[in-house]
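Peer 1: Got a predicted structure plus its sequence, pasted below:
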Amino acid sequence: MDKIIKIESVAQFNRERGQQILHPLIGVLDQSKSKPIHEARYMSDLYIVFLKDTKCHPMTYGRNQYDYDDSTLLFIAPGQIFGFEENGKPIQPTGWALAFHPDMIRGTSLGKSIKNYSFFSYESNEALHLSEREKGIALECFKKISFELEHGIDKHSKTLMLSTIELFLNYCERFYDRQFITREIVSKDTLTKFEKILDDYFNSGNALEEGLPTVGYCAAQLNLSPNYFGDLVKKETGKSAHEHIQNKVIELAKEKVLDTSKSISEVAYEVGFKYPQHFTRLFKQKVGQSPMEYRSLN
């Protein structure tokens, strides 16, 4: 198994690339000025955003390998593993990198909202591909932070750098929305496959043995991360993936409830509930009647 190198600080991240350390908690690197690094796999204690502006060496992120296209953003959160297959070869970093330690944002509005930027947990094949105009906006944000670092730290520096990071991340949310829209055909195909995954799951009797299908299970069947899959479903339909699963369960349950040879508890177990009272509660919430009332009225 490849050795995993831990990135614990901005100083370490900059030093490995032969770049100056201007702040202990944040750095912006023009990677054309970086020295070559050796192929390795890393676990990061930092938030890192890579902007690749040329086609470059394929990077492994999680369990997948990603061959960067021009103008691609990849987001890495603390605890995630990324890097390259360990062949010992030196490679030249390209593009730009923004790295900041969680302590930089701790106790700030960005520290409270950072988890809302779900793309930090997207898999590499769900990276953000930028148009030229979007790339220009991303670079402008990186350069503003770089200016603050080179300007010298004063009482305004942290506020200005954090507000620029937040602005950058908000732009990235807009860019991801655009990516979802421009890939509408792919999105619709994913929804069709999602429906089939649920049909197959319930038809196979898995629900009785394994319980309700989860968003994570469905995402894994589609080779997507749960966050990206959830965002895709929500943007395409207006409902969360969890709501879709619940609605599927209730539609299936309506048919089964009408089979008077089965008790309500048996129906609950068949559609994946461990406790019949939880099934009854959801059924009444969605249908407006208890399962027994629905059976009697129909």
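Peer 2: Great, that's in hand.
Peer 1: ok but His278 is inside a helix, no?
Peer 2: Yes: per DSSP: H, G, I helix; E, B strand; the rest coil, His278 lies within a helix segment.
Peer 1: Can you name the residues that contact Asp53?
Peer 2: Applying Cβ atoms under 8 Å, 6 or more residues apart in numbering to Asp53 gives the contacts 70-71, 94-96, 135. Using the backbone N, CA and C atoms, a C-beta is placed for each residue, glycine as well.
Peer 1: if I look at it, how far off is Asp154?
Peer 2: 31 Å (Cβ to Cβ, to the nearest Å).
Peer 1: With Leu208 instead?
Peer 2: Leu208 sits at a distance of 64 Å from Asp154 (criterion: Cβ to Cβ).
Peer 1: just Ile48 next, same as before
Peer 2: Using Cβ to Cβ, Ile48 is found at 26 Å from Asp154.
Peer 1: ok, those two, which is more surrounded?
Peer 2: Ile48 (23 against 9; other Cβ atoms under 10 Å).
Peer 1: Just list whatever residues bridge to the more buried one.
Peer 2: Beta bridges link Ile48 to Ile76, Ala99, judged by DSSP bridges.
Peer 1: Please report how far it lies from Tyr42.
Peer 2: To Tyr42, Ile48 is 9 Å away according to Cβ to Cβ.
Peer 1: Residues that sit against both of these two, list them.
Peer 2: In contact with both Ile48 and Tyr42: Ile7, using Cβ under 8 Å, 6+ apart.
Peer 1: Go ahead and confirm Ala97 touches Leu46.
Peer 2: No: at 10.2 Å, Ala97 and Leu46 do not qualify as touching, with contact defined as Cβ atoms under 8 Å.
Peer 1: Can you work out which residues contact both of these two?
Peer 2: Any residue near both Ala97 and Leu46 by Cβ under 8 Å, 6+ apart counts here, and that gives Phe13.
Peer 1: outside of the helix or strand that contains Glu236, which residues touch it?
Peer 2: Element membership for Glu236 (DSSP states H and E) is helix 226-237. Helix 226-237 is contacted from outside by 118-119, 121-123, 126, 176-177, 180-181, 184, 187-188, 190-191, 194, 215-216, 218-219, 222, 224, 239-242, 244, using Cβ under 8 Å, 6+ apart.
Peer 1: what about that helix, distance to the chain center?
Peer 2: 10 Å (Cα atoms, centre = their mean, to the nearest Å).
Peer 1: got it, and stretch 239-251?
Peer 2: The answer for stretch 239-251 is 21 Å, by Cα atoms, centre = their mean.
Peer 1: got the buried residues for it?
Peer 2: In terms of neighbour count (16 or more other Cβ atoms under 10 Å), stretch 239-251 has its buried residues at 241, 244-246, 248-250.
Peer 1: can you list the weak-confidence ranges in the stretch 51-200 of the chain?
Peer 2: 54-70, 84-88, 123-126, 183-187 (pLDDT under 70).
Peer 1: what's the span of stretch 177-188, first residue to last?
Peer 2: Terminal residues of stretch 177-188 are spaced 15 Å apart (Cα to Cα, to the nearest Å).
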